[in-house]
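Novice: pasted the sequence and its predicted model underneath.
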Amino acid sequence: MNERMAPRGPDGSGDWFSPDGRVGFTHRRLAIIDLSERGAQPMHSADGKLTITFNGEIYNYRELRAELERKGHVFRTETDTEVLLQLYADRGPAMVEALRGMFAFGLWDAARRSLLLARDPLGIKPLYYADDGWTVRFASQAKALLAGGAVSRDPEPAGIVGFHLFGNVPEPFTVWQSIRSLPAGCTMTVDATGPDLPAPYYRVADALGRRAARPCALADARSRLSAAVHESVRYHLVADVPVAVFLSAGLDSGALLGTMAELGVRDISAVTLSFEEFRGTANDETPLAAEVAARYGARHIVRTVNRAEFERDLPALLDAMDLPTIDGINTWFVSKAAHEAGIKVALSGLGADECFGGYPSFRELPRFVHALAPLRVLPGAGALVRRVLAAGVGSAIGLHPKAAGILEYGGSWAGAYLLRRGVLMPWELAGPLDADIVEEGLRRLVPLGRTEDELKADSPLGDFDRVAALETALYMRNQLLRDSDWAGMAHSIEIRVPYVDPFFLASLPPGDILAAAGAKAAIADVPQPPLPEPLRNRAKTGFATPVGHWIREAAGPGGGTSFSAASRAWMRRVWQAGWTGAGMA
Amino acid sequence: MSRPPRLLALLTDGYGAQGGIARYNQDLFDALADAGAECFIAPRHGDASGVVLPRGVTQEAPAFGRLRYVARCLLAARRHRPFDAVFCGHVYMVPLAWMLARLLGARLWLQAHGAEVLEVPGALSRRAVEAADLVTVVSRATRHTLLSWASLAPERVRVLPDTVRDMFEPGPPSEALRSRLGFGPGPVLLTVGRLSSAERYKGHEQVFAALPALRARFPTLVHVVAGDGDDRARLEARAAELAGESAAVRFVGYIPEADLPDLYRSADLYVMPSTKEGFGIVYLEAAACGLRVVGGVGGGSGDAVPGEQIGVLVDSGDGKALEQAIVRLLAMGRADPEAVAPYRRDRFATAAKRLLSRLMAHPRRMKGQHEFS
């Protein structure tokens, strides 16, 4: 297991076993805070009763440490890891609520003979576990659990169906029955009785509901947004190594660089991907990114990628891919470039679209739901239309396969979300998958029920917050964050995401105010000086990278021409790499 | 909690009944009563009159007929409510237990023994299993199988293995038994089990086939086959065919349970390359008496023979591996009976009590609540 995770931590490796041999931790270290040997893990408390293996960063560890020191705790290292140990000693499992950061850890309490597993609120750092009824194994990668050789590779239909519906595997499932993901914002206690049910301590919908209940004047929205970004970036700079930034021609990453510079960070490295195919076209992000880098005095690293390199890297990429996904390729290459430049830590603009309403779904979902919900009074009409269209009428008149389901699914939030984000529709699964897997997978996954569940909140949510809740708790968590983790860590790069932070989320104005204030565009004015004018006017390129073309070609014949067709073809290619059953992964 | 937890238990075999499942249930309810629970048992089999029940346990008269049994359960539920949990001792009765749990506003605790979860049950039973708050199973293999068809948080499915009774403990070999059964100087390989045509997976014939090679190395080695059944004549013929010499295999017939410890103590190695044991309690009984074990890969045996302290599991189709394992383990001498400690009654009782307190620590599952974690 340890060896499989070597790229995640090239700076150190450690093992620990409890005196009775019943508990063991192994750890790979990527040294970022307190680079000395004292920061090595697994780490023990001074009295030896607590032991931790920890992946991630705690950005407010200095404040927590000061607070604990006031209470009389004595520290032996400068690490955030030790703060976790002492905070647990002070507060027990409830400690997780005080943590600002990204984390997944296992903490053994020898006195209580109990193991606490915990994962950060939004799911930046992964944590997988396998419980066979006797032994519990946990790791930052599902494939590390398989590498140990003792965990079954029997397929999990819910995960397989989830991948084919959404292009990612929805937690808590993986594609293996024996391996589960500890859901984001949950802790789990393991004692002599085995693992207890995951205990949620944070839910996105509830957090958005609480935020909506706090009033904010429209006039103050932009200044609050700016203050929130400044504060989050400041926290995300905590490190004993230089912090770089992944820079595209978009506003989100530019605002991060500008804010870093404004906060006084010097000699910032900014890494931009350039594609040979795009050189000299409007799709080339390099010129605008260079302008942003120049404005804030950053060292601009432009890394050109071409199709030959993509094909060369493909086997390694598929091997590093921890769960099947249709994304992660850009992150793979930008992390590779960062590693070549000697970078260990980089900020990424991931999550801004979820916060500020940057996706088309923020417009389309409410429109669908409000227009089509009244039609739901006709029971069965939607399903009938879908059957007729899916039976061939739709393709005969040139409709996209998803169009067949608009009447049936478009009138509910979960259904409309499935239409918007889905790669294949439920009625298309019988093509690539066995009927048994489809039936059992849909039964276990309950895709609409699970999606609907992410909207349940203590107080009712407005339209903006509903879409934000779905995009944050599903797409961002299961796709973007998971892919960032494996693709970044494969190159020993820690990707930090200042826009993905519950403290940041809570300090933003409520969703409807953000929408009214034009939050997405307002990002350009967050740093002083603001982002260059041409960036504001640039249309979002979205997926206009040649990766789409390579994917289509790598996927083989039948790739089609649109991005949607490309992602379907790429999905087939990824799935055919082989995941479940003997000798796979 | 202000009052002790109250359980309504639907059991196939209660106090006063015989057999493995009855014994498991009795161990369990002894432990739960000891933990302070008040248990009301409605058995299909088992007459508790004349049995001293643990304090806190009440058992209804047995009712085998289906309708009679449902009526008995409904009456008991009404008479003795409130209940915090309904315990169901067999997947076969889970729809009834689920309905009672819903009526009573109680948690559902299901016990599965092995064979009954190999096939996916009917839709109603499957939904009832998936509504359980806690499922206990006897082995990891049973757990894996159940989770392959039941959409249930895996944390709810816990392993609570069968126990080895205290009568199985080390002791000197019984010379009387050895001479009565004609063991000779040995070494003695022992297999205990029914000789049933329905249970040919136990692997007797694979052992017979290994005997010529083994006797070339140990000329006085014998294979003692204890047990009786409809397959005995056929097995005797196969033994003559495969083992070469008639002296190599001794069929000693049915051995009463009370004599089993002496039988184990008088042998040198327990050999049964079975492929389908639900759990393999017989391996543990042998080990508890000091015998090392050569078992077979497949079924739940991995839980009874998890490591070298007790023995090894071999692929029953691999004759060479079987022969080598026998030679190697014979050289290792007696097993350390401490290896069986995790399967003793006291450990079982502690585990059962912990499961009860975890069950009570969670609110019961609500109707229509998706099992999303």
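Specialist: Arrived safely, thanks for sending. Numbers count the residues shown, from 1 in each chain, chains lettered A, B, ... in the order given.

Novice: use CA for all of it now, contacts and neighbours both
Specialist: Noted.

Novice: the strands in the stretch 101-250 of chain A, which residues?
Specialist: A:101-109, A:114-119, A:128-131, A:136-139, A:179-181, A:186-191, A:194-195, A:199-200, A:243-246 (DSSP state E, counting those that start in this stretch).

Novice: which of those sits closest to chain B?
Specialist: Nearest to chain B, of all the strands of the stretch 101-250 of chain A, is strand A:194-195, at 5.8 Å by CA to the nearest CA.

Novice: and the residue of the stretch 351-500 of chain A found nearest chain B, how close does it get to B:Ser148?
Specialist: Here the stretch 351-500 of chain A gets closest to chain B at one residue, A:Arg444, 5.6 Å apart by CA to the nearest CA. Per CA to CA, to the nearest Å, A:Arg444 is found 10 Å from B:Ser148.

Novice: ok, B:Glu175 - how many residues close by?
Specialist: 12 (other CA atoms under 10 Å in any protein chain shown).

Novice: next up, the contacts around it.
Specialist: Neighbour list for B:Glu175: B:Ser266 [criterion: CA atoms under 8 Å, 6 or more residues apart in numbering or on different chains].

Novice: what do you get for A:Cys216?
Specialist: By CA under 8 Å, 6+ apart, the contact set of A:Cys216 is A:Pro509, A:Pro510, A:Ile513.

Novice: look up phi and psi at B:Leu134.
Specialist: phi -150, psi 140 (degrees, to the nearest 10).

Novice: go on, A:Asn330?
Specialist: The phi/psi pair for A:Asn330 (degrees, to the nearest 10) is phi -60, psi -40.

Novice: neighbours of it, how many?
Specialist: 16.

Novice: show me where chain B dips below the pLDDT cut-off.
Specialist: B:1-2, B:367-373 (pLDDT under 70).

Novice: repeat that for 80
Specialist: Scanning chain B for pLDDT under 80 picks out B:1-2, B:114-115, B:186, B:246, B:278, B:299-300, B:366-373.

Novice: give me the distance from the longest helix along it to the chain's centre.
Specialist: Ordering each helix of chain B by length in residues (DSSP state H) puts helix B:345-361 first. Here helix B:345-361 is found 18 Å from its chain centre; the criterion is CA atoms, centre = their mean, to the nearest Å.

Novice: other SSEs contacting it?
Specialist: Judged by 3 or more CA pairs under 8 Å, 6 or more residues apart in numbering or on different chains; DSSP states H and E, the packing partners of helix B:345-361 are helix B:20-34.

Novice: which elements pack onto the helix it packs on?
Specialist: If you count contacts as 3+ CA pairs under 8 Å, 6+ apart, helix B:20-34 packs onto strand B:6-13, strand B:38-45, helix B:345-361.

Novice: spell out which parts of the stretch 1-150 of chain B neighbour chain A.
Specialist: B:Ser139, B:Arg140, B:Arg143, B:His144, B:Ser148 (CA under 8 Å from any CA of the partner chain).

Novice: which one of those sits closest to chain A?
Specialist: B:Arg140 (5.6 Å).

Novice: count the residues that sit near that closest one.
Specialist: Neighbours around B:Arg140, by other CA under 10 Å: 25.

Novice: could you pull up the contacting residues of it?
Specialist: A:Asp132, A:Gly133, A:Trp134, B:Val159, B:Gly300, B:Asp303.

Novice: quick one, helices of chain B?
Specialist: Under the criterion DSSP H, chain B contains helices at B:20-34, B:66-80, B:94-104, B:123-130, B:140-149, B:175-181, B:204-217, B:232-243, B:260-265, B:281-288, B:301-304, B:319-332, B:345-361.

Novice: A:Asn537 and chain B: what is the separation?
Specialist: 43 Å (CA to the nearest CA, to the nearest Å).

Novice: number of nearby residues for that residue?
Specialist: Neighbour count for A:Asn537, taken as other CA under 10 Å: 9.

Novice: what helices and strands are in contact with the lengthiest helix in chain A?
Specialist: Counting by DSSP H, the longest helix found in chain A is helix A:218-236. In terms of contacts (3+ CA pairs under 8 Å, 6+ apart), helix A:218-236 is packed against helix A:251-262, helix A:502-507, helix A:511-516, helix A:519-522.

Novice: which residues does the residue nearest to B:Gln18 when sequence neighbours are not counted contact?
Specialist: Nearest non-adjacent residue to B:Gln18, counting by CA to CA, 6 or more residues apart in numbering or on different chains: B:Gly46, 7.8 Å away. By CA under 8 Å, 6+ apart, B:Gly46 lies in contact with B:Asp13, B:Gly14, B:Tyr15, B:Gly16, B:Ala17, B:Gln18, B:Ala61, B:Pro62.

Novice: hmm, which of these are the buried ones?
Specialist: Burial by neighbour count, 16 or more other CA atoms under 10 Å in any protein chain shown: within the contacts of B:Gly46 this picks out B:Asp13, B:Gly14, B:Tyr15, B:Gly16, B:Ala17, B:Ala61, B:Pro62.

Novice: ok, now which ones touch the second one?
Specialist: The neighbourhood of B:Gly14, defined by CA under 8 Å, 6+ apart, consists of B:Ala22, B:Asn25, B:Gln26, B:Ile41, B:Ala42, B:Pro43, B:Arg44, B:His45, B:Gly46, B:Asp47, B:Ala48, B:Gln59.

Novice: chain A versus the second one, what's the distance?
Specialist: Put plainly, it is B:Asn25. Taking CA to the nearest CA as the measure, B:Asn25 falls 19 Å from chain A.
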